[in-house]
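>>> this is a predicted model, with the sequence first.
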Amino acid sequence: MAPAAPVPAPALFLRGAVALSGRFPLLAGVDLEVAPGEVVLVEGPNGAGKTSLLRVCAGLVPLASGTVRVLGGDPADVRTGVRRRIGLLGHASHLYDDLTVAENLRFAVRAAGAPVDGIGPACERVGLVGRLLRTPAGKLSAGQRRRVALAALVARRPELWLLDEPHAGLDASARGVLGVLVAEAAAAGSTVVVASHEPELVAPLATRAVTVAGGRVVADRATPRPVSTAGTGVADVA
């Protein structure tokens, strides 16, 4: 009898995770596991802890108690290199206003230790072409800044995508492109966790939906079979 195949370690593992801002609890004992290749929607009202959950997983907020393991390591320990395997798309674009779009992208990708050859294709996917690449980031609209941050994420090809309200500031075409990119990342084996107030945009791609309230996971349910995007192409977001 052939030995059973080993069960892969979770891409995300949190047990009793507590994070504080001063004495205020950002997370109040989160238990969550996410398998490699899953697309998980994180729902909940404002202040529920969705953003804090993603920031803990990105290694940007330390735990006061409990356990967090991301891609098999501690994301808060810069010595492990786990952070370079994580891509966080947050509310802020973290662009340098004096640098052009192209310069910002090269800086972000190199800082993550990723090859720069993915920048060109990523820009084309999100509609950053022509003069936009030579435009200083300080002159971009909010939607254009969001696309630059998304292009940096795509160019890095992280193993874990953490997306915090990723549709904010994007027009309908760019939202469609984002959906395709998420589906492609998951198909390539990446894990995607999306916190969103627009679940209707994420649920068709998600394998699970997790509800957060009061800094805890209060519900965890399977979603309908994810919709295949094969053959749909990519919308023009120029």
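Alright, I've got the coordinates.
>>> quick check: E103 is in a helix.
Yes: when DSSP: H, G, I helix; E, B strand; the rest coil is applied, E103 is found to be in a helix.
>>> could you number the chain from 852 rather than 1 from now on?
Sure, I'll start counting at 852 from here, so that last one is E954.
>>> OK, contacts around it?
Shown in contact with E954 (C-beta atoms under 8 Å, 6 or more residues apart in numbering): Y947. The C-beta positions use only the backbone N, C-alpha and C, and glycine is treated the same way.
>>> how about the secondary structure of the closest residue in space to R920 that isn't next to it in sequence?
Take R920 and drop its neighbours on the chain: the residue closest to it by C-beta to C-beta, 6 or more residues apart in numbering is F864, 4.3 Å away. For F864, the reduced secondary structure class is strand; criterion used: three-state DSSP.
>>> ok, now which ones touch F864?
In this structure, F864 makes contact with 883-885, 918-921, judged by C-beta under 8 Å, 6+ apart.
>>> which among these count as buried?
With burial judged by 16 or more other C-beta atoms under 10 Å, the buried subset of the contacts of F864 is 883, 885, 919-921.
>>> in the protein, which residue is closest to the centre?
Geometric centre of the chain, nearest residue: L1013, 2.1 Å, by C-alpha atoms, centre = their mean.
>>> surely that residue and R934 touch.
No: using C-beta atoms under 8 Å, L1013 makes no contact with R934, being 11.2 Å away.
>>> give me the common contacts of those two.
Taking C-beta under 8 Å, 6+ apart as the contact definition, L1013 and R934 share the neighbouring residues A909.
>>> run a quick neighbour tally on the closest residue to G910 other than its chain neighbours.
Take G910 and drop its neighbours on the chain: the residue closest to it by C-beta to C-beta, 6+ apart is P926, 3.1 Å away. Residues near P926, counting by other C-beta atoms under 10 Å, number 24.
>>> and for the one 3 residues further on?
For V929, the number of neighbouring residues by other C-beta under 10 Å comes to 11.
>>> contacts only, for the nearest residue to it once chain neighbours are set aside.
The shortest distance from V929 to any residue other than its chain neighbours is 7.8 Å, reached at G910 (C-beta to C-beta, 6+ apart). G910 makes contact with 921, 925-929, 933-934, 937 under the criterion C-beta under 8 Å, 6+ apart.
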